[in-house]
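Colleague: Got a predicted structure plus its sequence, pasted below:
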Amino acid sequence: MLEFRDVSFKYKEDDEILFKNLSFFIEQNEFVAIVGASGCGKSTIFRLINGLEGLQSGEIFWRGRKLAEVDHLFNAFMPQNDLLLPWRTTLKNVEMPLELESISKAERRRRALELLETVGLAEWANVLPRELSGGMRQRVSFARTLMTGADMLLLDEPFSALDYLTRLQLQDWLVEQYLIQPRTIIFVTHDVDEALYLAKRVLIMEGRPVQGISSVDVPLTYPRIRADLLKPELVNLKKQLLNKLGSSTRSESEVVNHIV
Amino acid sequence: MYKKMNDSEGFGFRKRPAGNSRLMKEYRREAKPNSGLAVVVGLVIILAWQGIAMVLAKPYILPTPIQVIIRMWELRKQLLTVHLPATLGITSIGLGISIILGLFLAIMMAEFPTWERALYPLVVSSQTIPTTAIAPLFVLWFGYGIWSKVLVTILMTFFPIAINVHNGLKGVKREHIELFLTYGATRWQIFWKLRVWIALPHFLAAIKMAIPLSLIGAAIAEWLGGQAGLGYFSKRMITQLDGAAVFAPIVLLSVVAIICVSVIGGIERRVITWTQDR
Ligand SMILES: Nc1ncnc2c1ncn2[C@@H]1O[C@H](COP(=O)(O)OP(=O)(O)OP(=O)(O)O)[C@@H](O)[C@H]1O
Ligand SMILES: [Mg+2]
């Protein structure tokens, strides 16, 4: 579905290169989490997929075609903060992607309402975002992301700004959505637990600057429960991941202490 | 297609804090200033004026507020049918042209970097020109007709509009633009569905700032030369040593400015609903 092949990238403003020969592959309908330290370039990966930045070298393939040759990318990007338009009601925010494609008002209204129903916010259709709680805003943002009709979702730390309980609820909800309608999901997070709980496979960006990306399969099936994370093999896996992530800043014993 | 998520599972309204601390009350008052105190202070100032003027007893220099009001009433026909319309005419033509020019320049500077590099520094530094000092030049060049006055008004109001709107248009978050780009938005759509909305509060604020400036500009220009208008009337009354009649157009100008600004303020409150503190 999506492949990064030896991608090197550097921001013009920066001196240091951010990615060097980065390669990974994501299957159709796979739920993949990308974890990495803050500032290692997780959001940048999405910027590259969205074509907002050009590559230094290497190639990104989308369904076997070079990304640069795909004129309309059918992916949906959900930004790190909700980025709802404060002057638009919930409904009109969700309508936005279709409005930009000039789809008729009746049609986009119908689909937006349907999606608001899905995220449980139909009654909030006509209020402004400032009246919504953080969790509700995030769900509106998610509905807007689905509205694009894309079959690949790029979710950039969608729950990181939420309180713990809301986060857990939205995680379960996201998995539910995924099971009901499987699609490719790339989920960026810096929370290892979240990655292990949600994804089929975790990609770890190691080191800063990123030396490479390694892939770990999560040995669990869906649906999952929280207690699954306490299984010995999962605890081990988490140790391993934390080690990879924190190798430059923490010693092994500290990481273990942190878990226990 | 999807399972519905129920709101009774949580995610309700964010609860607001009870708000009984003094500090919180103060902040709340700050958000919505209470006009009662201002009215009292205003009354005190007017009373003081009345007292001082009565003690001074030189109505050709400082008439009492009551004398001013009486004189306004006596002069109402001239003021309201001749001079106020003249001044308002100049103000609205000047302000109208300012808005069109200001918006045009702001948009061009926001959309085209070359325009911005070439003009923005000029626009900013031109704000330091003392407009009132160069106003006589316009009279010299364009005579006593309406256009010299309109020009002064434009000069007074054009820059705040252009700069405010430009700042608004440029104040769009880059993340928002990029989100629009990932949705495949065109530049035109980004302008209309994003930039315009961010700039709108700035535009209305600029208009509120420009209204008094345009009235001042028109009055100054009339003062410098003209056959009608509140500025002209005020000047004529000075030569007649009629203090109360000098004050009358000034009071009228202030009232007009206050009314216009509060009309725009009302529009602002109705239109810009998304940024206000409740
Ligand atoms: N538009 C940009 N222009 C220049 N440099 C950028 C830009 N965006 C990010 N960077 C830099 O690139 C690096 C990676 O940023 P990025 O946002 O991809 O990290 P991240 O892994 O998503 O971080 P976080 O966990 O904080 O979201 C950072 O050092 C950042 O300063
Ligand atoms: Mg990020």
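Modeller: Yep, that arrived. Numbers count the residues shown, from 1 in each chain, chains lettered A, B, ... in the order given. Ligands and ions are numbered 1, 2, ... in the order given.
Colleague: pLDDT weak spots in the chain?
Modeller: Reading this off chain A. For chain A, the stretches with pLDDT under 70 are A:72-74, A:208, A:247-260.
Colleague: my question was about chain B
Modeller: Applying pLDDT under 70 to chain B picks out residues B:1-34, B:276-278.
Colleague: hmm, try it at 80
Modeller: Chain B contains residues with pLDDT under 80 at B:1-35, B:131-132, B:225-226, B:276-278.
Colleague: So which residues of it form strands?
Modeller: Ranges of strands in chain B, per DSSP state E: none exist.
Colleague: Could you check how far the closest residue to ligand 1 within it is from B:P160?
Modeller: Residue of chain B nearest ligand 1, by C-beta to the nearest ligand atom: B:R174 (7.4 Å). The way it works is simple: take the backbone N, C-alpha and C, and place the C-beta from them, glycine included. Distance, B:R174 to B:P160, by C-beta to C-beta, to the nearest Å: 26 Å.
Colleague: and if you look at A:R88?
Modeller: Distance, A:R88 to B:P160, by C-beta to C-beta: 28 Å.
Colleague: Near chain B, which residues of the stretch 101-250 of chain A are found?
Modeller: Within the stretch 101-250 of chain A, the positions near chain B by C-beta under 8 Å from any C-beta of the partner chain are A:101, A:114, A:117-121, A:123, A:128-131, A:133-136, A:139, A:148, A:165-166, A:169, A:173, A:176-177, A:180-181.
Colleague: Show only the entries of those found in strands.
Modeller: In strands, defined here by DSSP E, there are no members of these.
Colleague: circling back: out of B:R174 and B:P160, which sits in the more crowded spot?
Modeller: Each of B:R174 and B:P160 has its neighbours counted (other C-beta atoms under 10 Å in any protein chain shown); B:P160 has more, 19 against 8.
Colleague: how near is the residue nearest to B:K235 when sequence neighbours are not counted to B:I100?
Modeller: Once flanking residues are discounted, B:K235 sits nearest to B:W223: 5.1 Å by C-beta to C-beta, 6 or more residues apart in numbering or on different chains. Distance, B:W223 to B:I100, by C-beta to C-beta: 26 Å.
Colleague: Between the two, tell me which one has more neighbours.
Modeller: Counting neighbours by other C-beta under 10 Å for B:W223 and for B:I100 shows that B:W223 has the greater number, 20 against 12.
Colleague: list the contacts for the more buried one?
Modeller: Residues counted as contacts of B:W223 (C-beta atoms under 8 Å, 6 or more residues apart in numbering or on different chains) are B:231-232, B:234-235.
Colleague: any chance of those residues in a markdown table, plus distance to B:F191?
Modeller: Output for those, formatted as a markdown table (distance: C-beta to C-beta, whole Å):
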| residue | distance to B:F191 |
| --- | --- |
| B:G231 | 40 |
| B:Y232 | 43 |
| B:S234 | 44 |
| B:K235 | 46 |
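Colleague: Of those - the most surrounded one?
Modeller: Most neighbours among the contacts of B:W223, by other C-beta under 10 Å: B:G231, with 28 neighbours.
Colleague: Pull the number of nearby residues for the nearest residue to A:N75 once chain neighbours are set aside.
Modeller: Spatially, and ignoring its direct neighbours in sequence, A:N75 is nearest to A:M152 (4.1 Å; C-beta to C-beta, 6+ apart). A count of neighbours around A:M152, defined by other C-beta under 10 Å, yields 23.
Colleague: beta partners of A:M152?
Modeller: On the basis of DSSP bridges, A:M152 is bridged to A:N75, A:T184.
Colleague: Point out the residues in chain A that sit beside ligand 1.
Modeller: Proximity of chain A to ligand 1, by C-beta under 6 Å from any ligand atom, involves residues A:11, A:13-14, A:18, A:36, A:38-44, A:80, A:190.
Colleague: so what are the domain limits for chain B?
Modeller: B:1-61, B:63-271 (automatic domain parsing).
Colleague: chain center to the longest one, what's the gap?
Modeller: The gap between the average C-alpha position of domain B:63-271 and the chain average comes to 7 Å, counting by C-alpha atoms, centre = their mean, to the nearest Å.
Colleague: which residues does the spatially closest residue to B:A245 that is not a sequence neighbour contact?
Modeller: Of all residues not flanking B:A245 in the chain, B:M237 sits nearest, at 3.9 Å (C-beta to C-beta, 6+ apart). The contact partners of B:M237, by C-beta under 8 Å, 6+ apart, come to B:245-246, B:248.
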